[in-house]
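**Q** Please work out how this folds:
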Amino acid sequence: MRFRDRLWNPYVVVFLSNACIMVLELVASRLIAPRLGVSLYTWTSVIGVILAGISIGNYLGGRLADRYASPFFLGVILALASLGSLSILALTNALSNTGLSEGLPLVISVVLYIAALFLLPSLILGCVSPIVVKLSLTDLQRTGTTVGKIYAWSSVGSIVGTFATGFWLIAWFGTRTVVLLVSGVLLLMAIWFLTDTRRSRALATTLLAVLLFGGAVWLLDRRGDLQRECLLETNYYCIKVHDKEVGDTTVRELVLDRLVHSYSDLDDPTHLVYGYERTYAEVIRPMLPQRPDLSALFIGGGGYTFPRYLEALIPNSRLVVAEIDPGVTEVAHALLGLPRDTRTETYSLDARILFENRDMGAQFDLIFGDAFNDYSVPFHLTTLEFGRVVAELLRDDGIYLVNIVDGGRHGHFLRAYTRTLREVFPHLAVIPSDSAWRDSVRTTFVIVASKQPVDLSHLPVSERPLPQEELDEYLALGKPIILTDDYVPVDNLLAPVFRDSHDG
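**A** Numbering: from 1, shown residues only. Model (predicted):
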């Protein structure tokens, strides 16, 4: 049956092809997260590369449409798009081990890595719409209407692809399976158009397309490119858990995307491996004997290492955790030693939404801020307004402890965040994890904030806070920024640290 006699709906074609583009764009952020993390640089590069590919594809597709537009040619383009999508899986692991951008500045290396993965498939998919437009223009009197409808349905496909991927597809299937699904959909569309020719040619081209697709999938499977690298892939993280030897002890290591979030000793919950958690423990040690009914609130659960620590030391304590990702909590129960019958209350909500919309009961003795994932910082948890919410939940003699990452060499985020907390808490101390923090590219800091003075003289010398004079001098080196809901450029403040960490 010839093309003019069979079902032809240009709106379905552009709907599906543009949905596939947006699926790949959303998947891109998850595929690169275990390797590059999630930051302003990576998101900017993903969006820029995909848009560049679409733009080049639109131009080339228009030129090709003028010379070769036919249903068969559209099928060829869709078949190439299918194979191009599969190439993402083939290149993801390969490029990570090649040193492709070694020695290049961070921005260039990130763009090159993402372009190598996603430029070609987005370029090929960008060719689809101009070819469809060319095939659809049978009445010049309705050119505007036809083109308008095609681009409207293209946009609808992009919207559906975006929401479907972000809300359901990745969580249901995982990134690699989603890419396979995209490739499969494009192949089916390709076969539909490749068969608009003589029967013998249609069978031959269909067989060739299926064999190429099947061979590519088989090869990817043999190479291990289809294997999930995540134990669990959620809408928030690629979650991995490993056993790790620390000294004479085997602990469980929780990795979210590319950052180690916690170490859990399954046999001894009081064994703290991470330096900042040991600092937490030292800061609050004098308080524990005096408060058998201690109450603590955690912004971020991670491996639930510190809630387990407090529950073991103070069985009657009230522990509340705001962990936005229920997948993280489930992994903590299944693999990281958090009992199913734990006294710890967990809310699978963003901490700010939880605090501002639910009565948390009595105020808390301790509040721990541990929701900052590498350089991907939930900016709404750093602002003056959120600081005031925390202060309302904290008892007058309570302590707010926050773990943040910055580099002393730059320190833009550290300065801004410290100044912001000082607007709310009259007493504040900063404890660097490294004595050479001023020259460091990347250092963990524990900030201790309170309404009343806190005696920290019991801390070991290596964990002493900066003298107030030194802290004031350091804060004076940068622009006096206060982070608010209307002005919170956290990504930009951390950009030099991200860049130097990779360039070094």
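
**Q** got the residue ranges for the strands in this protein?
**A** 232-233, 238-246, 249-256, 259-264, 295-299, 318-322, 345-347, 364-369, 394-406, 427-432, 443-450 (DSSP state E).

**Q** Turn the ones you listed into JSON lines, columns for mean pLDDT and distance to L80.
**A** For glycine as for every other residue, the C-beta is placed from the backbone atoms N, C-alpha and C. JSON lines is the format used below for the strands of the chain (pLDDT from 0 to 100; distance: least, Cβ to Cβ, whole Å):
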{"stretch": "strand 232-233", "mean pLDDT": "90", "distance to L80": "28"}
{"stretch": "strand 238-246", "mean pLDDT": "94", "distance to L80": "29"}
{"stretch": "strand 249-256", "mean pLDDT": "95", "distance to L80": "36"}
{"stretch": "strand 259-264", "mean pLDDT": "92", "distance to L80": "37"}
{"stretch": "strand 295-299", "mean pLDDT": "98", "distance to L80": "48"}
{"stretch": "strand 318-322", "mean pLDDT": "97", "distance to L80": "47"}
{"stretch": "strand 345-347", "mean pLDDT": "97", "distance to L80": "47"}
{"stretch": "strand 364-369", "mean pLDDT": "98", "distance to L80": "49"}
{"stretch": "strand 394-406", "mean pLDDT": "96", "distance to L80": "43"}
{"stretch": "strand 427-432", "mean pLDDT": "97", "distance to L80": "53"}
{"stretch": "strand 443-450", "mean pLDDT": "96", "distance to L80": "47"}
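
**Q** Dump those into TSV; add distance to T177 and mean neighbour count as well.
**A** Listed next are the strands of the chain as TSV, based on distance: least, Cβ to Cβ, whole Å; neighbours: other Cβ atoms under 10 Å:
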stretch	distance to T177	mean neighbour count
strand 232-233	10	22
strand 238-246	14	15
strand 249-256	20	20
strand 259-264	24	21
strand 295-299	33	24
strand 318-322	30	22
strand 345-347	29	17
strand 364-369	35	24
strand 394-406	32	21
strand 427-432	43	20
strand 443-450	36	22
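
**Q** Kindly reformat the ones you listed as a markdown table containing distance to L117.
**A** Converted to a markdown table, those look like this (distance: least, Cβ to Cβ, whole Å):
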| stretch | distance to L117 |
| --- | --- |
| strand 232-233 | 18 |
| strand 238-246 | 16 |
| strand 249-256 | 21 |
| strand 259-264 | 21 |
| strand 295-299 | 34 |
| strand 318-322 | 34 |
| strand 345-347 | 36 |
| strand 364-369 | 34 |
| strand 394-406 | 27 |
| strand 427-432 | 37 |
| strand 443-450 | 31 |
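
**Q** Which among these is found nearest to Y487?
**A** With respect to Y487, and counting by Cβ to Cβ, the nearest of the strands of the chain is strand 394-406 at 18.4 Å.

**Q** can you pull the contacts of D455?
**A** P286 (Cβ atoms under 8 Å, 6 or more residues apart in numbering).

**Q** Let me know how buried the residue lying closest to T195 once chain neighbours are set aside is, in neighbour terms.
**A** The shortest distance from T195 to any residue other than its chain neighbours is 3.9 Å, reached at A202 (Cβ to Cβ, 6 or more residues apart in numbering). For A202, the neighbour count with other Cβ atoms under 10 Å is 16.

**Q** try D66
**A** Around D66 sit 11 other residues, with neighbours defined as other Cβ under 10 Å.

**Q** Can you pull out the low-pLDDT segments for this protein?
**A** Along the chain, the model assigns pLDDT under 70 to residues 1-7, 96-103, 373-375, 501-504.

**Q** Okay, domains of the chain per the record?
**A** The record's domain split for the chain, according to automatic domain parsing, is 3-229, 274-503.

**Q** ok, back up a step: which one, of the strands of the chain, ends up nearest to V490?
**A** Proximity to V490 (Cβ to Cβ) singles out strand 394-406 among those, at 10.2 Å.

**Q** Pull up the pairing partners for the closest one, direction included.
**A** In the sheet containing strand 394-406, the strands it pairs with under DSSP bridges are strand 364-369 (parallel), strand 443-450 (antiparallel).

**Q** So what touches it?
**A** Counting by Cβ under 8 Å, 6+ apart, 276, 280, 283-284, 287, 363-370, 372, 374-375, 377, 390-391, 412-414, 417, 421, 425, 442-452, 454, 494, 497 sit against strand 394-406.

**Q** ditto for stretch 276-296
**A** For stretch 276-296, the surrounding residues in contact (Cβ under 8 Å, 6+ apart) are 272, 305-307, 309-310, 313-314, 316-320, 362-368, 399, 401, 403, 431, 433, 444, 446, 448, 454-456, 458-460, 463.

**Q** So for I239, which of the domains of the chain sits nearest?
**A** When the domains of the chain are compared for distance to I239 using Cβ to Cβ, the nearest one is domain 274-503, at 5.6 Å.

**Q** Run through the residues that contact the closest residue to V488 other than its chain neighbours.
**A** Counting by Cβ to Cβ, 6+ apart, the nearest residue to V488 once its immediate chain neighbours are dropped is F379, at 4.5 Å. By Cβ under 8 Å, 6+ apart, F379 lies in contact with 483, 488, 490-491.

**Q** Quick one, which of those residues are buried?
**A** 483, 488, 490-491 (16 or more other Cβ atoms under 10 Å).

**Q** Tell me which of the residues you listed fall in helices.
**A** Judged by DSSP state H, helices contain the following of the buried ones among the contacts of F379: 490-491.

**Q** From the buried ones among the contacts of F379, pick the one nearest A33.
**A** Ranked by distance to A33 (Cβ to Cβ), the buried ones among the contacts of F379 are led by D491 at 15.2 Å.

**Q** list the contacts for the closest one?
**A** Going by Cβ under 8 Å, 6+ apart, the list of residues near D491 reads 39-40, 375, 377, 379.

**Q** Most neighbours of all those residues, which one?
**A** Highest neighbour count within the contacts of D491, by other Cβ under 10 Å: Y375, with 24 neighbours.

**Q** okay, now E356: neighbour count?
**A** E356 is surrounded by 12 other residues when neighbours are defined as other Cβ under 10 Å.

**Q** Quick one: residues contacting it.
**A** With contacts defined as Cβ under 8 Å, 6+ apart, E356 is in contact with V389.

**Q** I'd like to know how far it sits from F386.
**A** Separation of E356 from F386 (Cβ to Cβ, to the nearest Å) stands at 9 Å.

**Q** same check, this time on L335
**A** 31 Å.

**Q** And for R308?
**A** Applying Cβ to Cβ, the value for R308 to F386 is 26 Å.

**Q** ditto for L140
**A** 58 Å.

**Q** neighbour count winner among these two?
**A** A count of neighbours by other Cβ under 10 Å puts F386 above the other of L140 and F386, at 25 against 7.

**Q** Quick check: the more buried one touching R352?
**A** Yes - applying Cβ atoms under 8 Å, one finds F386 in contact with R352, separated by 5.8 Å.

**Q** okay, and the common contacts of the two?
**A** Contact with both F386 and R352 is made by residues H380, according to Cβ under 8 Å, 6+ apart.

**Q** Columns distance to A476 on top of the buried ones among the contacts of F379, output as CSV?
**A** Listed next are these as CSV, based on distance: Cβ to Cβ, whole Å:
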residue, distance to A476
L483, 18
V488, 22
V490, 21
D491, 24
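
**Q** Tell me the one of the buried ones among the contacts of F379 nearest W218?
**A** Nearest member of the buried ones among the contacts of F379 to W218, counting by Cβ to Cβ, is D491, at 41.4 Å.

**Q** how close does the closest one get to V497?
**A** Separation of D491 from V497 (Cβ to Cβ) stands at 11 Å.

**Q** Please report how far the closest residue to A362 other than its chain neighbours lies from N316.
**A** In this structure, A362 finds its nearest non-sequential neighbour in S295, 6.7 Å apart by Cβ to Cβ, 6+ apart. Using Cβ to Cβ, we find S295 at a distance of 10 Å from N316.
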